[in-house]
Structures are given as C-alpha cells and as structure tokens.
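[1] sequence plus predicted model, see below.
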Amino acid sequence: MAKVIVYSTTVCPYCDMAKKYLEEKRIEYIDKDVSKDSDAMVEMTKKTNQLSIPVIDIDGEIITGFDRKAIDIALKIMLNK
C-alpha cells in the first residue's frame, strides 16, 4: 500500500481530527510531529511552501488542513492504484 504521512503537532486539534479520521477508515499512516522534528518541518514546507498544519500526504497528493472530502478523494485514488 502507498504511504500516508500526517505532518502535525500535539497541540493541534485539527491534526488530531485528521488522524482520528484516518484511523476510523483503518488507514495506516506515519505521524511526523513538526514541532519536535526539524527535518519533518523542512520536508513539509518543501511540499507545501507554507507552515499550516495538518498537512496530509496521501501517495503524493498533498492536503492542507482537515478536509474530509479531499482526504476521501485521495484515499480512493490511492486504493484504486
């Protein structure tokens, strides 16, 4: 299965909602805490050119913010590959 990465922090409620949403859909993901991991912060900003979180990378499809519809579309594309 393709990789899903969530760039987040521990104090971000939208990050928590995004991770919970993926867990409810039984999607495995890698959680990168950008407040503790400077390499993850650099990686995230290279992908988005911004510092907003959460950022969700679903098989190369970048979603900024907690957007259920965008997540569902990206997951559908990923799972149909």
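    Now that the structure is in, tell me what you want to look at. Residues are numbered from 1 along each chain as shown.
[2] and the helix or strand in which residue 18 is found, which residues are buried?
    Assigned by DSSP states H and E, residue 18 belongs to helix 13-24. Buried positions in helix 13-24, judged by neighbour count with 16 or more other CB atoms under 10 Å: 15, 18-19, 22. Where C-beta positions appear, they are placed from N, C-alpha and C, glycine not excepted.
[3] from residue 78, how far out is residue 70?
    12 Å (CB to CB, to the nearest Å).
[4] can you give me the helices for the protein?
    Counting by DSSP state H, the chain has helices at residues 13-24, 38-48, 68-79.
[5] turn these into TSV, columns for distance to residue 54 and mean pLDDT.
    Below are the helices of the chain laid out as TSV (distance: least, CB to CB, whole Å; pLDDT from 0 to 100):
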stretch	distance to residue 54	mean pLDDT
helix 13-24	4	98
helix 38-48	10	96
helix 68-79	10	93
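[6] let me know the pLDDT of residue 2.
    pLDDT recorded at residue 2 is 59.
[7] contacts for stretch 20-30 next, please.
    1, 3-6, 19, 56, 66, 68, 71, 75 (CB atoms under 8 Å, 6 or more residues apart in numbering).
[8] biggest separation within those residues, which pair?
    The largest separation in the contacts of stretch 20-30, counting by CB to CB, is between 1 and 66 at 21.8 Å.
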